[in-house]
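[1] Below: sequence and its predicted model.
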Amino acid sequence: MKPRRLLHRPMDGTRLKTPWRIGVLLAAVVLVAVAAGCQSRPVTGPSTTASEAPGGFTIFATATPTALPSSTPTATPTETPLPTATPLPTATPLAASAAGRAPIGRVVFGVTRDGAAAEQLWLLDETGETAILADSVVPGGWECSVAQQGNCALITTDGYLLAANPISGTTVLLDQLAASDVATSTLSDTVASGLPLALSSDGRSLAVAHANRLDLYDLTNPALQASIAVTGVSELVWSPDGGMLALVYPVRNESALALWDGTGNKLKVIAQMESVQHTAWSPDSEKIAFDAYQSPATPSSQGDRKDVFVVFLRSGEIANFSEVYQRNLGVAAADRIAAWSPQWQSADVVRYVRGAPDAPDTYALMSHPVRSLKATQLWLVDDEGLLGIVRSPDGTLDARVVPMDDRMVVQISPVASREWTDLPGAYDRLDALAWAPLAGDEEASRYLLLVQDQAMLAVDVESGAIQGLALACPQCRIAEAAWLP
């Protein structure tokens, strides 16, 4: 604000007096003051009455003031030197900045700074600009749906559970979590400890497991939709069609695998055995694979060997695929090896890891059609690449990262042939691999998202062209990313 200029004018509006008149007036004032000082007794002060002053202002006279005491001389204080000015701290650089524009949609990515206990959530929008979505997120405590709605769920370090939509720019507070939950919570399908959460693939629903209940939120118009009492949930997985939740929780010395459709106050238990883990839905939402130590037909645990099971939801049948395969090979029960971590290659083919649990050099991947008693493929775990097989949204291409001459190379292959082709470029390190959403045009280029320490890149899988998307500061790294429509 600019200072006001004070314009001084006589209050009665007349022009200033001439110099000789001013001198006469000053002399008169001096004479009056001298006369007053020669009085033998003080003059009684005026009463508190109002009088009119020239120019129309009212002056309120006060009682006679009390005489001030005589001042006592004091020692001259010693001069204190002024403190040396403290230099201003160097500004902390932004954790991330844009390096280019995403060819399709927008990208949400998490950035961690060295020594920081929180993760920043950033958005690279469709114009190539970056902005902070959330400043203090629990590391790994966020997930975004790559469906058209683009909804995200996240947990802040001070315990707020939020629903955010980077496309519309809205954020809604869903709940305030307990401090003990926030310390170890992450957003994933399987959480060994802490607070499990699961975001449906279409981004419309969010499930949150507390210590003694399971909450279900509708994210289309963010609100609590339903809640059910259940204790100790360790896994939450949505069916691909978004209509059913599979959850695992303890029952005495075993684990129960149950279903909930978000209505009613009862869970439907579909399996109960020892240490149920790695729950995985089939793409058609009709089957669930998992691993466990105990077969329903076996009265006791079979040592430290896990098996892979598939529940057929329509019939209720539970099949032990890893045991069936080895029995058909004539392997004695005592010599059978463990199988775990099932995933689905398609609606009718389940794959899993097999080998001696503490001997990684024995690990191999088994591909098993669910309608056959024999497995049809067996390959080394290394063939999956360092970040696993990542399938394109249209289901036609697979991508992986493999080591080659002390560097890392990205490869793609048609799903049907498994014939791998190297994409241009070799990298010292790659931390994440993801496909871009489909552009809607079948002839449009398809892209892969790569994360490499401080850099986030996009690769055109048809031309091999590589472009930068975002760059983190030297003391930061990009932890993960999600490419939204």
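    Yes, it's here.

[2] Let me see the ranges of the strands in the stretch 201-350 of the chain.
    Here the stretch 201-350 of the chain has its strands, by DSSP state E, counting those that start in this stretch, at 205-209, 213-218, 223-229, 235-238, 245-251, 254-260, 268-273, 277-281, 287-292, 307-312, 318-320, 338-346, 349-355.

[3] Please save the CA atoms from the helix or strand following the last one in CSV.
    Using DSSP states H and E, the helix or strand that follows strand 349-355 towards the C-terminus is strand 364-369. Taking Å, rounded to 0.1, in the frame of the first residue of the first chain, the C-alpha atoms of strand 364-369 are listed here in CSV:
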residue,chain,number,x,y,z
ALA,A,364,10.9,-72.0,-11.7
LEU,A,365,7.5,-70.8,-13.1
MET,A,366,4.8,-73.3,-13.9
SER,A,367,1.9,-72.5,-16.3
HIS,A,368,-1.1,-74.7,-15.6
PRO,A,369,-4.5,-74.8,-17.5
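
[4] From the rest of the structure, what touches strand 364-369?
    With CB atoms under 8 Å, 6 or more residues apart in numbering as the test, strand 364-369 has contacts from 321-322, 325, 339, 345, 348-355, 375-381, 383-384. Every C-beta, even on glycine, is put in place using the N, C-alpha and C of the backbone.

[5] what's the least confident helix or strand in the chain, going by average pLDDT?
    Every helix and strand of the chain was ranked by mean pLDDT, DSSP states H and E. The lowest is strand 58-60, at a mean of 29.

[6] list the buried ones in the very next helix or strand once past that strand?
    Next along the chain after strand 58-60, taking DSSP H and E as the criterion, comes strand 96-98. Residues 96, 98 are the ones in strand 96-98 that count as buried (16 or more other CB atoms under 10 Å).

[7] go on, stretch 452-463?
    Residues of stretch 452-463 classed as buried: 452, 454-461 (neighbour count, 16+ other CB under 10 Å).

[8] What distance separates the opening and closing residues of that stretch?
    Its first and final residues considered, stretch 452-463 spans 21 Å by CA to CA, to the nearest Å.

[9] Return the residues in contact with the residue lying closest to residue 432 once chain neighbours are set aside.
    Among residues not flanking residue 432 along the chain, residue 451 sits closest, at 3.8 Å (CB to CB, 6 or more residues apart in numbering). By CB under 8 Å, 6+ apart, residue 451 lies in contact with 109, 430-433, 457, 478-481.

[10] and of these, the nearest to residue 238?
    Closest approach to residue 238 among the contacts of residue 451 (CB to CB): residue 480, at 19.5 Å.

[11] quick one: the closest one and residue 411, what's the gap?
    Using CB to CB, to the nearest Å, we find residue 480 at a distance of 21 Å from residue 411.

[12] ok, now residue 172?
    Noted for residue 172: a distance of 41 Å to residue 411, by CB to CB.

[13] where does residue 63 land on pLDDT?
    Residue 63 carries a pLDDT value of 35.

[14] same deal with residue 341?
    With respect to pLDDT, residue 341 scores 91.

[15] for residue 191, same thing?
    pLDDT recorded at residue 191 is 37.

[16] same deal with the one 3 residues further on?
    According to the predicted model, the pLDDT of residue 194 comes to 45.

[17] Quick one: name whatever helix or strand follows the longest strand along the chain.
    In the chain, assigned by DSSP state E, the strand with the most residues is strand 130-144. Moving toward the C-terminus from strand 130-144, the next helix or strand (DSSP H and E) is strand 152-156.

[18] Sheet partners, orientation included, of that following strand?
    As defined by DSSP bridges, the strand partners of strand 152-156 come to strand 130-144 (antiparallel), strand 160-165 (antiparallel).

[19] So which of those strands is nearest residue 402?
    Per CB to CB, nearest to residue 402 of those: strand 130-144, 25.2 Å.

[20] now the closest one, how far from the chain's geometric center?
    Mean C-alpha position of strand 130-144 versus that of the full chain (CA atoms, centre = their mean, to the nearest Å) differs by 3 Å.

[21] What mean pLDDT does it get?
    On average, strand 130-144 scores 88.

[22] which parts of that strand are buried?
    130, 133-134, 137-138, 140-144.

[23] what's the pLDDT at residue 249?
    Predicted confidence (pLDDT) for residue 249: 95.

[24] Tell me the bridge partners for it.
    Assigned bridge partners for residue 249, using DSSP bridges, are residue 256.

[25] do residue 122 as well
    Under the criterion used here (DSSP bridges), residue 122 is bridged to residue 109, residue 132.

[26] Distance of it relative to residue 458?
    Noted for residue 122: a distance of 16 Å to residue 458, by CB to CB.

[27] again, but for residue 228
    Counting by CB to CB, the gap from residue 228 to residue 458 is 42 Å.

[28] do the same with residue 227
    41 Å.

[29] Please apply the same query to residue 164.
    Residue 164 sits 23 Å away from residue 458, going by CB to CB.

[30] do residue 95 as well
    Residue 95 is 20 Å from residue 458, by CB to CB.

[31] Nearest residue to the residue nearest the centre of the chain in space, ignoring adjacent ones along the chain?
    Central residue of the chain (CA atoms, centre = their mean): residue 142, 3.2 Å from the mean position. Residue nearest to residue 142 in three dimensions, not counting chain neighbours: residue 154, with 3.8 Å by CB to CB, 6+ apart.

[32] hey, what's that neighbour bridged with?
    Per DSSP bridges, the residues bridged to residue 154 are residue 142, residue 162.

[33] quick one: it from residue 406, how far?
    In this structure, residue 154 lies at 37 Å from residue 406, with CB to CB as the measure.

[34] what do you get for residue 483?
    For residue 483, the distance to residue 406 (CB to CB) stands at 29 Å.

[35] Below-threshold pLDDT in the stretch 201-350 of the chain: ranges please.
    294-304, 325, 327-334 (pLDDT under 70).

[36] my bad, the stretch 351-485 of the chain
    Using pLDDT under 70, the stretch 351-485 of the chain drops low at 373-377, 440, 442.

[37] Partner strands of whichever strand or helix holds residue 471 and their direction?
    Residue 471 belongs to strand 466-472 when assigned by DSSP H and E. Sheet pairing of strand 466-472 (DSSP bridges) gives strand 96-98 (antiparallel), strand 455-460 (antiparallel).

[38] Among those strands, single out whichever gets nearest to residue 199.
    Residue 199 lies closest to strand 455-460 among the strands paired with strand 466-472, at 21.7 Å (CB to CB).

[39] so how far is that closest one off the chain centroid?
    Centre-to-centre, strand 455-460 and its host chain are 21 Å apart (CA atoms, centre = their mean).

[40] about what we covered before: rebuild the strands paired with strand 152-156 as TSV, extending it with distance to residue 447.
    Compiled in TSV, those are given as follows (distance: least, CB to CB, whole Å):
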stretch	distance to residue 447
strand 130-144	17
strand 160-165	23
